[in-house]
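Peer 1: below is the sequence, then the predicted model.
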Amino acid sequence: MLRFSGDTIMDPEATAFLAMLDALPAAVYTTDAEGRLTYFNSACVELSGRVPNLGTDEWCVTWKLFHPDGTPLPHAECPMAVALKERRCVRGAQAIAERPDGSRVWFEPYPTPLFDSAGNLVGGINMLVDITDRKETDAARALLAAIVETSDDAIITKDLDGVITSWNQSAERLFGYRAEEAVGQPITILIPPERLQEEPEILSRLRRGERVDHFETVRVGKKGQRLDISLTISPVTDASGRIVGISKIARDITERKRAEAAIRDSENRFRVTADAAPAMLRLMASDGGSTFLSHGWYRFTGQSESTGLGLGWLDAVHPTDREGTQRAVHDAVAEKQPFSFDYRLWHVDGQYRWCHDCGRPQFGPAGELAGYVGSITDIHERKMAEEALRAADQRKNEFLATLAHELRNPLAPIRNSLHVLGISTADDPATRRITEMLERQVNYMSRLVDDLLDVARITSGKIELRTEQVEIAAIVRGAVEVSKPLIDTAEVRLATTLPSQPVTVEGDPVRLTQIVGNLLNNAAKYSEPGGQIWLTVTCENNQAIISVRDTGIGIEPQMLPRIFQMFSQADHEARRAQGGLGIGLALAKRLVEMHGGRIEGKSPGRGQGSEFIIRLPLAERQLPAPAAAAPLSVRDQLPRLASRVLIVDDNRDAANSLGMLLKMLGNDVQTANDGLTALELMQSFRPAVVLLDLGMPGMTGYDVARRARELPQCKDAIFVALTGWGQEEDRRKTREAGFDHHLLKPVNLGALEVLLSAAKERQDA
């Protein structure tokens, strides 16, 4: 395509010349002396991005021009303008043109001014060579060269004979050779003698066009240092695809190899330690699967590594324990918490053994759960010993309960008979003294039995406090009333000091009375006749302080730390003289601690008395002062009662003595010594109260109560379990069997009279 201005008629040679210009791949245009376009070829259109306007567009068309450094190039300073202005050729310049569509091209201009025969400037011709591709290639090469030079990896090229052809700075730093020392040398200068066979093998693979990735080997530096290297080796091809050289990237992995060796060494030490440990050590993933089990596990269970890892370890757990074990692990993982539990694990000797499994979570750098590390310990012998101890403790408790029952059974007729004697011989002073003495001894034996059972209940955690707001003065009065007979018998004086205002604590009144009573009894037992006991109550630092001090035998310093231990007594001679089991102080200490308090014992030494101090937290709200009232015994308050009472007990002495006592109090009484006789009497006698022993042969008291509740004659009767069995389990069973009350032998007459009074009121209603 020819573009020219004017009406000039071209001769054939000119026409041929312009056709040749139009066919050139380079952009060519001509201008007049003022720089206006007079001709352009097709390449010029392509380069400029638009069709120029002849006669009006100047040499720069509508381009935006820039210097090679990117700064703007004014049109008046472009190479063509300079050539026309200075009437000379301009060579060696380069510029950047921005076309109408925004794209940019690099070009080299060759502007030349044109003169007529007289030497007058008539225009100019310019050839623009597009060098954009060359510039991009140069930039890419420069970038590649910069990457090569700044790379942390050694980048080396060699020819197909293994001769080094290039060598970057990292190669110099790694191997110690400067580029001028290395280039031209065989690559074998870097290969230790024992590894020279690697080079021909690598060259052979590369000549076949293969690539070698991450080949780990050893190379040697200039100073003979051995380096662990990872090599990536690629063939270099020319434009036709022919392999003309080899590129090699060498990465120093010496530190990594050292770290891996250290890790392997650490793992080996860990495995040796784990295998030598008495416990089975384990690493566990966050899904509960084992990732490592020490040899102890495999020796213990007989599993192989292929079956024990993952969740396979659960197969060795006892089937009954498996679900609970898996659930415990799952819960710990969900909460990212440690775990600790016991289960039975299969042992190679053909049995399951108890083991303790514990693990602690391990976390990653971002706080994520990475797994668990833990140990599994064989605790079978300990578990069996604990079970044996529990069984022995259970047998002990059963023995104590049976002992209490057997002791209470003979005490019941003795106390009943004493009450009968006390009523029938009330006017005989000598008989009354003997009766009171015998009753004190019966009370003492009953208290010993109760103490034994209380200790058994506390040690097994079966005592529950029934707390309420309690005024300490009431506790003190109750304890003094209980202990007064023993204090009087010991011929010891008692001085009681109470604060002027009420002192209230949260506690179980029965147990608090028992605590103070035990301390008073101890003081009386270990004091000589004529001695003194001081019972004092004070308040200090939001605490109620109860002190029991005496002038008794005292406690030697070496015994003080042991006085609250079970079956311990300060003076064995005194024990033989005064009796006792040595459990009163131990029982008092445990009951005080259950109330949130503490107790301590003091003594200057032997023969100088002792003091026991109880500290209890005060209640948040203090009770008002109670109205003064003269204490009356239950018997003083109650009239003689007239009720129909059926006594059922296979112990004839107990049944007959209690029947005699109740008859003397005005009741209509019948007795039976077995269950069937009792059921027959109930239908004809229609009792208001049934006092029923539990442990009868043949038909037990439970059976009798259940069958009696079905009789219409007994629908309103009060059923009272009168028994030597006093454990909480026994009380629960009596409630389930239909009993209204549960009284222990030997029965307290006052408590019994309260029940008879309730029956009389129901009977009269």
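Peer 2: On my side now, so go ahead.
Peer 1: can we go C-alpha only for contacts and neighbour counts from here?
Peer 2: Will do.
Peer 1: in stretch 86-95, which residues are buried?
Peer 2: 87, 89-90, 94-95 (16 or more other CA atoms under 10 Å).
Peer 1: gap between it and the chain center?
Peer 2: Here the centre of stretch 86-95 is set off from its chain's centre by 83 Å, with CA atoms, centre = their mean, to the nearest Å.
Peer 1: what of stretch 19-37?
Peer 2: Relative to its chain's centre, stretch 19-37 lies at 87 Å (CA atoms, centre = their mean).
Peer 1: hmm, back to that, in a markdown table: the buried residues of stretch 86-95, plus distance to P697.
Peer 2: A markdown table is the format used below for these (distance: CA to CA, whole Å):
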| residue | distance to P697 |
| --- | --- |
| R87 | 145 |
| C89 | 141 |
| V90 | 137 |
| Q94 | 127 |
| A95 | 125 |
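Peer 1: tell me the two of these that are most distant?
Peer 2: The span of those, defined through CA to CA, is set by R87 and A95 at 20.3 Å.
Peer 1: of the buried residues of stretch 86-95, which belong to helices?
Peer 2: Using DSSP state H, no member of these falls in helices.
Peer 1: A586: which of the residues you listed is nearest?
Peer 2: The nearest one, if we look at these relative to A586 and count by CA to CA, is A95, at 106.9 Å.
Peer 1: now do the contacts for that closest one.
Peer 2: A95 makes contacts with 65-68, 106-108, as judged by CA atoms under 8 Å, 6 or more residues apart in numbering.
Peer 1: and the pLDDT at A145?
Peer 2: On pLDDT, A145 comes in at 61.
Peer 1: quick check: the residue sitting nearest the centre point of the chain vs V105, distance?
Peer 2: For the chain, the residue nearest the mean C-alpha position is Q337 (2.7 Å; CA atoms, centre = their mean). Q337 is 66 Å from V105, where distance means CA to CA, to the nearest Å.
Peer 1: tell me the confidence at the residue located most distally from the centre of the chain?
Peer 2: The outermost residue of the chain, judged against the average C-alpha position, is A118 (105.7 Å), by CA atoms, centre = their mean. Listed pLDDT for A118 reads 89.
Peer 1: quick one: secondary structure of it?
Peer 2: Following DSSP: H, G, I helix; E, B strand; the rest coil, the label given to A118 is coil.
Peer 1: did I read that right, W346 in a helix?
Peer 2: No. Applying three-state DSSP, one finds W346 to be strand, outside a helix.
Peer 1: I'd say it and C355 touch.
Peer 2: No. W346 is beyond contact range of C355, at 9.7 Å (criterion: CA atoms under 8 Å).
Peer 1: of those two, give the one with the bigger neighbour count.
Peer 2: Per other CA atoms under 10 Å, whichever of W346 and C355 has more neighbours is C355, with 22 against 19.
Peer 1: so that one makes contact with Y343?
Peer 2: Yes. Under the criterion of CA under 8 Å, C355 makes contact with Y343 at 5.7 Å.
Peer 1: domain assignment for the chain?
Peer 2: Split into domains by automatic domain parsing, the chain comes to 3-136, 151-252, 259-378, 387-446+639-765, 468-617.
Peer 1: which regions of the stretch 251-400 of the chain sit below the pLDDT cut-off?
Peer 2: 266-267, 270-278, 397, 400 (pLDDT under 70).
Peer 1: which stretches of it form strands?
Peer 2: With DSSP state E, counting those that start in this stretch, the ranges of strands along the stretch 251-400 of the chain come out as 280-284, 290-293, 339-347, 351-363, 369-378.
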